[in-house]
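**Q** this one's sequence-less:
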């Protein structure tokens, strides 16, 4: 799940945290300030001296992220995700969590950063009594991240019950119930949700894989965050021992697993400066699945499915700005976590689908083919420093995968490297 400057699990204190922020009236110029940060491993990552500020932390505007990850040239040519639908999976908020109205949040985000208004769909099949438009930070962050990269794409939300937090059995049951909805009636699915694979029963693992096979058959690209606790996925306070493992659904071979980095970009142009691996980036090997064929011959891959496949900015300070609306004003915060990097990548895939004039669907073989090609360092930013317990190295590694996108090169190559059939 996503992490924020305010409490990770929104409660009444989340609303109090919002009200403590400096209000930015709609349309007011964004303030600029300086700063730097260090990740949990102690590796200093310089942040530019005039980055946008979210509360007391430097953060990036959508335009800076678009420039850093090479999306701006595509957007300038009208490749903005139009005609594509990206679906996210988020929990329904409880009244005690002080939810906001997602329509107002997105309107504030668009006004502040001069983006077009998106079309938003909300699916309440699993929570029929829920208020359709109420949202917590997870939903706000996921939708604004997709919208920042693919401002023309339709945003679709599948809400699932908040009872998932009560126990591991509830959490895995919710995932199995929600997944068919997430991968239906969409072109791209972005899942900012994960649980250590040992929590899933063999029957649930098989059911998840079967649902994902259906997504492949319908040419739906499924992406999922690799986790925010390094090689030891959080147990959400359920007790028991911490297990060195990877999360599901991101480590299923049919999913694009997205890890996390710390991004540094030029504050004026947004030009890419560099990245290091984020220490919280989930990664490692799933012993439930043998190494898929697309990972054969990749240095560093064991006989098991390795994750993540790719990565993007996930560290805060320095994450994408998130905007909430309350009382006619906008409140700007910084988002972090691989549930921020996964929807960023989902936005890139929406651009690629539009560019290719077809849904690319199962793109993992294409990603690995590009990683082995002479185009690798043009299409990806290779992350070679930082650690999550594993060390980031040249090429693929179990911290950042192949690295972060240079969409200007990556998008056309995805169209070329992805076959017309996903059978």
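**A** Sure, I can see it. It should be emphasised that the depicted structure is a prediction, and the values quoted were computed from it without experimental measurement.

**Q** assign the nearest residue to residue 313 once chain neighbours are set aside to helix, strand or coil.
**A** Using C-beta to C-beta, 6 or more residues apart in numbering and skipping residues adjacent in sequence, the residue nearest residue 313 is residue 263, 3.9 Å away. Every residue, glycine included, has its C-beta placed from N, CA and C. Put simply, residue 263 is strand when judged by DSSP: H, G, I helix; E, B strand; the rest coil.

**Q** which pLDDT value goes with residue 263?
**A** With respect to pLDDT, residue 263 scores 94.

**Q** tell me what it is bridged to.
**A** Bridge pairing for residue 263 (DSSP bridges) gives the partners residue 275.

**Q** rounded mean pLDDT for stretch 329-347, please.
**A** For stretch 329-347, the mean confidence score works out to 90.

**Q** mind listing the helices for the stretch 151-300 of the chain?
**A** Remark: helices assigned in the stretch 151-300 of the chain by DSSP state H, counting those that start in this stretch are 168-182, 202-217.

**Q** cool, the stretch 301-423 of the chain as well?
**A** 338-356, 364-371, 376-379, 407-417.

**Q** so where's the chain uncertain?
**A** 1-51, 95-97, 234-237, 239, 419-423 (pLDDT under 70).

**Q** hmm, 80 instead?
**A** Within the chain, the ranges that satisfy pLDDT under 80 run 1-52, 54-57, 94-98, 129-130, 163-166, 234-242, 316-317, 327-328, 335-336, 419-423.

**Q** what separation is there between the residue most central in space within it and residue 225?
**A** In the chain, the centroid-proximal residue (C-alpha atoms, centre = their mean) is residue 342; its distance is 1.9 Å. Distance of residue 342 to residue 225, computed by C-beta to C-beta, to the nearest Å: 4 Å.

**Q** okay, and the common contacts of those two?
**A** 191, 192, 258 (C-beta atoms under 8 Å, 6 or more residues apart in numbering).

**Q** list just the nearest of those to residue 174.
**A** Proximity of these to residue 174 (C-beta to C-beta) peaks at residue 191, which lies at 12.0 Å.

**Q** pretty sure the closest one contacts residue 223?
**A** Yes - between residue 191 and residue 223 there is a contact under C-beta atoms under 8 Å: 7.0 Å.

**Q** intersection of neighbour lists for these two?
**A** Contact with both residue 191 and residue 223 is made by residues 255, 342, according to C-beta under 8 Å, 6+ apart.

**Q** which residue, neighbours along the chain excluded, lies closest to residue 338?
**A** residue 225 (3.6 Å).

**Q** give me the distance between that neighbour and residue 375.
**A** 26 Å.

**Q** look up how far residue 319 lies from the residue nearest to residue 313.
**A** Residue 263 is 8 Å from residue 319, by C-beta to C-beta.

**Q** ok, residue 88 next?
**A** Applying C-beta to C-beta to residue 88 and residue 319 gives a distance of 17 Å.

**Q** who is residue 380 paired with across the strands?
**A** residue 405.

**Q** wait, isn't it in contact with residue 370?
**A** Yes - using C-beta under 8 Å, residue 380 is in contact with residue 370, at 7.4 Å.

**Q** what sits in contact with each of the two?
**A** 402, 410.

**Q** residues touching residue 162, list them.
**A** Contacts of residue 162 were listed using C-beta under 8 Å, 6+ apart, and they are 91, 92, 93, 94.

**Q** buried subset of these as a ChimeraX selection?
**A** Here is the ChimeraX command that picks out the buried ones among the contacts of residue 162, judged by 16 or more other C-beta atoms under 10 Å:
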select :91,92,93
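
**Q** name the residues that touch stretch 164-174?
**A** Identification of contacts with stretch 164-174 by C-beta under 8 Å, 6+ apart yields 9, 91, 126, 160-161, 163, 175, 195, 199-201, 204, 235-236, 238.

**Q** quick one: residues in contact with the helix or strand hosting residue 65.
**A** Under the criterion of DSSP states H and E, residue 65 resides in helix 62-68. If you take C-beta under 8 Å, 6+ apart as the criterion, helix 62-68 is touched by 51-52, 60, 71-72, 75, 113, 115, 147-149, 151, 263, 265-267, 269-272, 313, 320-321, 344.
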